[in-house]
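*Asks:* coords please:
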Amino acid sequence: MKAYLAILRIGDYRLLWSALVLNLLGDGATYAALAWITLEKAGAAGLGVLGVCLTLPVILGGAVVGPLLDRFSRRKLFIYDSVFRGFVVALIPLLAAMDALQTWNLYGVALIYGLLKIIPLAGTPAVLPELVPEDKLQAASGLESTAMGAANVVGPAIGAGLITAFGAPYVLVLDAVTYLVFAFLISRIKAPMGRPEPVAASDAQEARPGWAPVFRLIVRDRFLLVLTLSFGAFNVSAGALIVALPWLAKFEFDSGPGILGLMLAVMAAGELIGSLVSGAVKTSERQMLRIGVFQLLSGAVLFLLLPSMLPWILLGLALNGILSAPMTVLGGVVRMTRVPNAMRGRAMTLMRTVMAGSLPAGSALGGVLLSGSHYDGLILVVAALAAAPGVLTVLLFRRTPFRLGVTAADDQRVQRGPDLDSDAVHATS
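*Replies:* Model (predicted):
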């Protein structure tokens with residue numbers, strides 16, 4: 001707890017964290033509402049389309065946003081994105097009030113949300129090293145994940161309550177307001193949060209525009225490559241759950257939005273617990289080994305969802321949340337450390353685009369299998385996909401240490417041996 005109190009004393013980080021909490025509260029409520037409206041209008045197949053619309057555009061958005069985060073003010077990108085998406089989300093309750101809401105409107109809002117969500121998704125870890133000291137990055141990453149977990153516990157519950165009280169379309173009014181509050185709080189941060197400072201001539205490779213230097217950095221760095229691919233595989237299971245949970249609530253349990261909110265809240269509560277614990281633990285040389293173990297276990301507990309009985313499903317979701325959250329926290333420290341600032345916007349975008357881009361595959365798989373009522377087959381596939389990369393990570397990194405302050409570029413320069421960059425290596429070691 002002392003680690004979290006210390007990090008919250010940093011005013012700029014406190015503003016960013018508060019903005020994220022409020023925005024995530026609205027998003028949690030909105031997902032429950034969008035899913036419920038889509039189920040009523042288009043059934044399980046429509047829910048699969050919604051899941052793809054929420055996640056697939058992240059790939060296209062990442063291709064555009066990454067370079068922007070390294071070329072323009074990150075503060076301005078946060079603000080412009082938030083104001084625009086707040087306006088788009090507000091269109092749903094407006095159309096509903098006019099009795100003109102169609103299914104394609106839901107898909108359109110989901111597409112825009114997915115297209116632009118990479119801005120805060122990649123931008124937040126890109127600016128964190130600017131807001132907090134290096135030795136507090138794990139606490140900052142843990143508190144960020146804790147904010148997501150806490151908001152996701154309360155958000156769906158708020159959404160379920162508002163759906164019952166006012167109707168699903170009007171839940172999105174809350175999300176529209178939180179987008180505007182997010183923009184205001186970001187504007188109050190004192191740190192520049194601008195484009196990265198120019199780098200020294202010896203590091204010109206890192207300053208080159210485009211994606212080629214970022215691809216080379218990630219492909220040549222075993223830490224970054226394994227994290228990206230293994231988390232991507234894990235997110236296939238998350239994409240399937242986006243579809244499976246509303247399907248269970250509607251068709252298996254024959255219940256209302258309250259059960260959907262309960263399942264989402266239980267999973268988020270598990271993530272909250274996992275984030276709180278992992279963020280308070282010091283960064284270790286065995287960071288990657290820990291990540292592999294957590295991924296293996298968090299995938300394995302998904303087998304508990306096989307009996308389509310609510311107590312087992314709630315237990316599996318809670319354990320999955322508890323075990324998967326530390327992956328995010330520990331992996332975030334590795335990514336923020338290994339990537340130089342001049343590449344951080346593009347690299348975070350690329351890695352998170354690959355990881356988030358696997359969500360549509362899970363959503364599409366879930367929609368297809370659940371349309372044929374193949375629930376057991378879906379759970380078997382996603383549990384195996386989630387757990388298997390954890391085994392690979394454990395095997396690859398059981399003897400490989402992780403070191404704070406050493407970027408992938410540092411390691412790659414050392415591996416090339418003495419050259420014109422040797423002075424830069426000594427200066428950063």
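
*Asks:* which secondary structure elements does the helix or strand encompassing Asp27 sit against?
*Replies:* Under the criterion of DSSP states H and E, Asp27 resides in helix 11-55. Judged by 3 or more CB pairs under 8 Å, 6 or more residues apart in numbering; DSSP states H and E, the packing partners of helix 11-55 are helix 2-8, helix 103-116, helix 118-131, helix 137-166, helix 172-187, helix 222-247, helix 257-280, helix 359-371. Glycine gets a C-beta too; all of them are placed from N, C-alpha and C.

*Asks:* hmm, try it at 7 Å
*Replies:* helix 103-116, helix 118-131, helix 137-166, helix 172-187, helix 222-247, helix 257-280, helix 359-371 (3 or more CB pairs under 7 Å, 6 or more residues apart in numbering; DSSP states H and E).

*Asks:* those helices: which one's closest to Ile322?
*Replies:* With CB to CB as the criterion, Ile322 lies closest to helix 257-280 of those, at 4.2 Å.

*Asks:* for the most centrally placed residue in the chain, which non-adjacent residue is closest in space?
*Replies:* The centroid of the chain falls nearest to Leu121 when counting by CA atoms, centre = their mean (6.0 Å). In this structure, Leu121 finds its nearest non-sequential neighbour in Arg352, 5.2 Å apart by CB to CB, 6 or more residues apart in numbering.

*Asks:* quick one: distance of the helix or strand hosting the one you found to the chain centre.
*Replies:* If you go by DSSP H and E, Arg352 is part of helix 341-357. Mean-position distance between helix 341-357 and its chain equals 12 Å (CA atoms, centre = their mean, to the nearest Å).

*Asks:* any idea of the mean pLDDT for it?
*Replies:* Averaged over helix 341-357, pLDDT sits at 79.

*Asks:* what does stretch 161-168 give?
*Replies:* 80.

*Asks:* what about the nearest residue to Val132 once chain neighbours are set aside, how many neighbours?
*Replies:* Distances taken as CB to CB, 6+ apart put Ala140 closest to Val132, at 4.7 Å, once the chain neighbours are dropped. Using other CB atoms under 10 Å, Ala140 has 29 other residues around it.

*Asks:* so who does Ala140 touch?
*Replies:* Ile7, Tyr13, Leu128, Val132 (CB atoms under 7 Å, 6 or more residues apart in numbering).

*Asks:* just Arg335 next, same as before
*Replies:* So Arg335 contacts Pro125, Leu224, Leu227, Met348, Met351 (CB under 7 Å, 6+ apart).

*Asks:* over to Pro389?
*Replies:* Pro389 neighbours (CB under 7 Å, 6+ apart): Ser230, Ala233, Phe234, Gln295.

*Asks:* how about a cut-off of 10 Å?
*Replies:* Residues counted as contacts of Pro389 (CB atoms under 10 Å, 6 or more residues apart in numbering) are 226-227, 229-234, 291-292, 295-296, 299.

*Asks:* for Met288, what are its contacts?
*Replies:* Here Met288 is in contact with 222-223, 226-227, 330-331, 334, 393-394, 396-398, 400-402 (CB under 10 Å, 6+ apart).

*Asks:* how near is it to Ala3?
*Replies:* Distance, Met288 to Ala3, using CB to CB, to the nearest Å: 21 Å.

*Asks:* one more: Leu392?
*Replies:* Taking CB to CB, one finds Leu392 at 31 Å from Ala3.
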